[in-house]
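J.: Take a look and give me a structure for this.
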Amino acid sequence: MKEVRDVHEELRARLREAGEAHEPDRARILARIERGMAGEALPERPARPPLAGWARVVGATAAVAGLLAVGGYAVASAVKGDEPADQTVAVSPSPTPSPDATSRPPVKPDPTPSAEKPDRKPSPTPSRTPTAKNTPAAPLPETSDNEDGPLWSDGSVDPHSNDFWAQSNLTLKTGEKLTALTVELRVALTDGVNDAGAWRSLPEEDFTLTVGEDDGFLVYRWVLKEGRTVPEGEFVFAGQYDHARGGRDAKDDRYTMTATADGKQYTVGGDFARSGDENTADGDS
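T.: Residues are numbered from 1 along each chain as shown. Okay, the predicted model is just below:
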């Protein structure tokens, strides 16, 4: 309020100074007086009602009052604008911690990488499938005939085998649709032989695979599930295994396949090339 009063006093002082500084035109006033006295300078004008003169005075007064009021309002607004306005800050309530967030510690990932076999070079074939460690059933009857009816077979050591790892491939050809099929691979347990996986080119979900040891052999057995069939064509079954360092002789390994086609059962099988022959030992030619 003090600032408003100071502004009003300053406006009044300026108005007084303007009035005191006004200098009337004395020559013009004297000339008008002389013309009035002579009665010839100014034409007669109709007299205005007294009310009109008073209206002019009242209007001028109101204008001055309005000017003062507007000036005071502007100054008051400017002064008020300088004052900081009250502000309200909305504060969110603190979240209630979840019981699960405080009752369970964070799970740390296992930084230990899975171990891999050194120098392993698997054959460029379909990915191998997990194996079930079970004791195989009784071995299939051995045979040295690789042809029987619509069936033809072959056993060989994969050329990608190396000094620490090997893969035995069994190839089956059939000229008829098979409604039953069992494929058995028997790998002699020479030094360091240990299962390293298996795969087949036929659909994985069509077969049950078991892997185990029996009578000095590591045995892989694929059994066609009931209700599934094998179409005509050529297919591969492969067993993978680690072994002691150096070339491994596959002379004691063997395989057997039994199948049913058109209600008849057929059997094929054989062994692998002996040492010194083609596809004999791992890594040798």
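
J.: ok, the closest residue to F272 other than its chain neighbours - how many residues close by?
T.: Leaving aside its sequence neighbours, F272 sits nearest to A250 (Cβ to Cβ, 6 or more residues apart in numbering; 4.1 Å). (C-beta placed from N, C-alpha, C; glycine too.) Other residues near A250 number 25, with proximity taken as other Cβ atoms under 10 Å.

J.: so T143 sits in a helix?
T.: No. Read with DSSP: H, G, I helix; E, B strand; the rest coil, T143 is coil and lies in no helix.

J.: Chain neighbours aside, what residue packs nearest to it?
T.: Here the nearest residue to T143 in space, its sequence neighbours aside, is G269; by Cβ to Cβ, 6+ apart that works out to 4.3 Å.

J.: picking that back up, confidence score at the residue nearest to F272?
T.: For A250, the model assigns a pLDDT of 93.

J.: Look up the residues forming beta bridges with the residue nearest to T143.
T.: The residues listed as beta-bridge partners of G269 by DSSP bridges are T256.

J.: Surely it is in contact with R186?
T.: No. Between G269 and R186 there is no contact, the gap being 10.0 Å when judged by Cβ atoms under 8 Å.

J.: Common neighbours of these two, please.
T.: Counting by Cβ atoms under 8 Å, 6 or more residues apart in numbering, the common neighbours of G269 and R186 are R254, Y255.

J.: higher neighbour count, these two?
T.: R186 (26 against 23).

J.: which residues touch the more buried one?
T.: P139, D214, F217, L218, V219, D253, R254, Y255.

J.: R228: which of those residues is nearest?
T.: Distance ranking of the contacts of R186 against R228, using Cβ to Cβ, places Y255 first at 21.0 Å.

J.: how close does the closest one sit to E176?
T.: Note on Y255: its distance to E176, by Cβ to Cβ, to the nearest Å, is 21 Å.

J.: So between those two, which is more surrounded?
T.: Each of Y255 and E176 has its neighbours counted (other Cβ under 10 Å); Y255 has more, 28 against 17.

J.: Now do the contacts for the more buried one.
T.: Contacts for Y255 (Cβ under 8 Å, 6+ apart) come out as S153, G155, S168, L170, V183, E184, L185, R186, G269, G270, D271.

J.: any idea which helix or strand carries the third one?
T.: Translated: S168. In this structure, S168 is located in strand 165-174 according to DSSP states H and E.

J.: Tell me which other helices or strands that strand touches.
T.: strand 151-157, strand 180-188, strand 233-242, strand 254-261 (3 or more Cβ pairs under 8 Å, 6 or more residues apart in numbering; DSSP states H and E).

J.: The spatially closest residue to S153 that is not a sequence neighbour: neighbour count?
T.: Residue nearest to S153 in three dimensions, not counting chain neighbours: V268, with 4.2 Å by Cβ to Cβ, 6+ apart. V268 has 25 neighbours, counted by other Cβ under 10 Å.

J.: same question, F217
T.: 20.

J.: Give me the distance between it and P139.
T.: Note on F217: its distance to P139, by Cβ to Cβ, is 8 Å.

J.: same check, this time on S168
T.: Summarising the geometry, the distance separating S168 from P139, computed by Cβ to Cβ, is 16 Å.
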